[in-house]
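Visitor: Sequence first, predicted coordinates after that:
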Protein chains: 2
Amino acid sequence: MNLEEKLHDRNIKPTAMRLLVLEALENAPMAMSLNDIELMFEKADKSTIYRTLKTFEKNKLIHSIEDGSGQVKYALCPESCECELNDLHYHFHCKKCKSTYCLSSQHIPKIELPINFELEEANMVLNGICASCR
Amino acid sequence: MNLEEKLHDRNIKPTAMRLLVLEALENAPMAMSLNDIELMFEKADKSTIYRTLKTFEKNKLIHSIEDGSGQVKYALCPESCECELNDLHYHFHCKKCKSTYCLSSQHIPKIELPINFELEEANMVLNGICASCR
DNA sequence: AAAAGTAGTGCAACTCATTTGCAAAGTTTA
DNA sequence: TAAACTTTGCAAATGAGTTGCACTACTTTT
Ligand SMILES: [Mn+2]
Ligand SMILES: [Mn+2]
Ligand SMILES: [Zn+2]
Ligand SMILES: [Zn+2]
């Protein structure tokens, strides 16, 4: 599936900026912040990228991660992800290089909640040192 | 153990403000933000409270939680907590009332990391609706 | 094709939590 | 007591995120 198809699949009209942002996210080996993406382009407007990311997130093309770095990171969702409980996975944030990785291979386990608490989403961030930094 | 002893125990000098902030955290049933604490006092300086919280955190009297609300929350550590891996627990953030609870009864399980990744801390936030909000 | 309507973009300005600089006040040490 | 160090209060800076608004581009209707 190419970039345009991926957008179409999520009911997002393929504008130039959207294609560029999606491409950036596809090629990045780790999650990216608004700022990271802005810096990848010579001349790109922050709010356009911001709104692009919001659109992508609303339409479940990407998910966001609050890794404690002070900048929200974004990563592509797997194809046909519906961002539901069983799609939840851990994220690892390296204290040294500040990279944030999706640990997609491992879904989060069942967690005992107090009675009558209802789980909807989760933001699970592990912190430490990544392989390239040791 | 009274408030002064608790501070002493963590090598924190018991100033008036510190005693008040500690008391506030002790009495709160859930985690509190800098702003929450500031609002509890008639006339209190934000940066003093800020630095108080930083001191408490550095000395492991409290731990911080990034719950996605845009405000970092703080909660008391259990006595003699060293904020190590086995002290890690989940937090629950209610989307409705914005309260953040420590789910202290349940420690986080062992998580499979990619090879050579080293875990040091974690910020695990569950989101949903709390019992009082349903 | 022209007009009207809708969606996306660029720019500037704003919000707001957090953080810092600095001088004044308080505390401890010699 | 004097010097050294710590804590506090105030004001200002920082910086991520967000919004208003005018302009452009695209789509649909006449
Ligand atoms: Mn992810
Ligand atoms: Mn906690
Ligand atoms: Zn790293
Ligand atoms: Zn609630």
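Guide: That came through, no problem. Numbering: from 1, shown residues only, chains lettered A, B, ... in the order given. Ligands and ions are numbered 1, 2, ... in the order given.
Visitor: CA atoms for contacts and neighbours, from now on please.
Guide: OK.
Visitor: In chain A, which residue sits furthest out from the middle?
Guide: The C-alpha centroid of chain A is most remote from A:Ile115, which lies 30.9 Å away (C-alpha atoms, centre = their mean).
Visitor: now that residue, nearest residue through space, not along the chain?
Guide: B:Ala131 (6.9 Å; C-alpha to C-alpha, 6 or more residues apart in numbering or on different chains).
Visitor: who touches the strand ranked longest in chain A?
Guide: Ranked by residue count under DSSP state E, the longest strand found in chain A is strand A:118-129. Applying C-alpha atoms under 8 Å, 6 or more residues apart in numbering or on different chains, the contact partners of strand A:118-129 are A:65-67, A:84-85, A:88-96, B:117-131.
Visitor: Work out for me the element A:Tyr74 sits within.
Guide: For A:Tyr74, the enclosing helix or strand under DSSP states H and E is strand A:72-76.
Visitor: Could you give the separation of that strand from the chain centroid?
Guide: Computed by C-alpha atoms, centre = their mean, to the nearest Å, the chain-centroid distance of strand A:72-76 equals 2 Å.
Visitor: hmm, that strand touching DNA strand D?
Guide: Yes. Legend: contact between strand A:72-76 and DNA strand D by C-alpha under 7 Å from any atom of the strand is shown at A:Val72, A:Lys73.
Visitor: same check, this time on stretch A:30-39
Guide: Yes. Stretch A:30-39 is in contact with DNA strand D by C-alpha under 7 Å from any atom of the strand, via A:Ser33, A:Leu34, A:Asn35.
Visitor: Could you measure from the nearest residue to the second one once chain neighbours are set aside over to DNA strand D?
Guide: The shortest distance from A:Leu34 to any residue other than its chain neighbours is 6.5 Å, reached at A:Tyr50 (C-alpha to C-alpha, 6+ apart). When C-alpha to the nearest atom of the strand, to the nearest Å is applied, the distance between A:Tyr50 and DNA strand D equals 6 Å.
Visitor: quick one: buried residues of the helix or strand containing A:Tyr50?
Guide: Taking DSSP H and E as the definition, A:Tyr50 sits inside helix A:46-58. The neighbour-count check on helix A:46-58 (16 or more other C-alpha atoms under 10 Å in any protein chain shown) flags A:Ile49, A:Tyr50, A:Thr52, A:Leu53, A:Lys54, A:Thr55, A:Phe56, A:Glu57 as buried.
Visitor: if we can go back for a sec, separation between the residue farthest from the centre of chain A and DNA strand D?
Guide: Per C-alpha to the nearest atom of the strand, A:Ile115 is found 31 Å from DNA strand D.
Visitor: what's the helix or strand for that residue?
Guide: Under the criterion of DSSP H and E, A:Ile115 resides outside all helices and strands.
Visitor: So which elements touch the helix or strand hosting A:Glu26?
Guide: Assigned by DSSP H and E, A:Glu26 belongs to helix A:16-27. Judged by 3 or more C-alpha pairs under 8 Å, 6 or more residues apart in numbering or on different chains; DSSP states H and E, the packing partners of helix A:16-27 are helix A:3-9, helix A:46-58, strand A:72-76.
Visitor: so what strands line up beside the shortest one?
Guide: The pairing partners recorded for strand A:72-76 under DSSP bridges are strand A:32-33 (antiparallel), strand A:62-66 (antiparallel).
Visitor: How about whichever helix or strand comes after the shortest one, which residues are buried there?
Guide: Think strand A:32-33. Counting by DSSP H and E, the next helix or strand C-terminal to strand A:32-33 is helix A:34-40. For helix A:34-40, a neighbour-count test (16+ other C-alpha under 10 Å) marks A:Leu34, A:Ile37, A:Glu38 as buried.
Visitor: which of the residues you listed lies closest to B:Leu22?
Guide: Of all the buried residues of helix A:34-40, B:Leu22 sits closest to A:Leu34, with 36.8 Å by C-alpha to C-alpha.
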